[in-house]
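Novice: Quick one: sequence and predicted model below, then my questions.
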Amino acid sequence: MGLFDKFFGWMKMKKRKAAVLCIGLDNSGKSTIINQLKPAQAQQSDIVPTVGFTVERFTSSDISFTVFDMSGQGRYRNLWEHYYKEAEAIIFVIDSSDKLRMVVAKGELDLLLGHESIKDQKNIPILFLANKMDLRDAASAIEVSTVLELSKIKDKSYFICSTNALTGEGLQEGVQWLSSQIQELK
């Protein structure tokens, strides 16, 4: 527990808690991203593919996140919808170096946005992470946004940023945006 956490605890101020769903195709980097967001002492050295889902926690300056890291393998994607109703925000991770599978990711995004539990939540923010920007053939965040047709999302706030899950580059920018969106939901 950090000094500020202790101070807020003494002052009886609690961090806002938020349940976040982290989805995307398999091998997009979801688990590695979440691992990077955890405190250094809680990070794992070996990341293995998620089977089903895992629950992870990390905090920003003002929010305590509980993240449901959902498997992106085809046979597990139907599990995502069981968590839509409880999610206060969504992190959608895209492998920006795999241009062929971006079409599959777009299909999954369309299913997500068309699901009744998500359509009913007009104020649910969606953070798109265009991951693996360190790879030579990676598409830019603008190119990913175009393929996913993000400009067609009219009823939800969203943000896309370029990331490198291995180094953590771009992750703080995304988390700061997500934190500000969640704070506005109070």
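Specialist: Sure thing, it's come through. Residues are numbered from 1 along each chain as shown.

Novice: For this structure, which segments are assigned as helices?
Specialist: Listed in chain order, the helices of the chain (DSSP state H) span 3-10, 30-37, 99-114, 116-119, 141-148, 171-184.

Novice: quick one, which of these is packed in tightest?
Specialist: Ranked by mean neighbour count under mean count of other Cβ atoms under 10 Å, the helices of the chain are led by helix 30-37, which reaches a mean of 24. Any C-beta I mention is one placed from the backbone N, CA and C, and that applies to glycine too.

Novice: among the helices of the chain, which is nearest Gly72?
Specialist: For Gly72, the closest of these is helix 30-37, at 6.7 Å, according to Cβ to Cβ.

Novice: low-scoring stretches of this protein, by residue?
Specialist: Low-confidence segments of the chain (pLDDT under 70): 1-14, 49, 51-52, 186.

Novice: Verify the stated contact: Met133 with Asn164.
Specialist: Yes: taking Cβ atoms under 8 Å as the definition, Met133 is a contact partner of Asn164 at 5.3 Å.

Novice: rewinding a little: how about the helices of the chain in CSV, adding distance to Arg77?
Specialist: Listed next are the helices of the chain as CSV, based on distance: least, Cβ to Cβ, whole Å:
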stretch, distance to Arg77
helix 3-10, 36
helix 30-37, 12
helix 99-114, 6
helix 116-119, 14
helix 141-148, 16
helix 171-184, 22
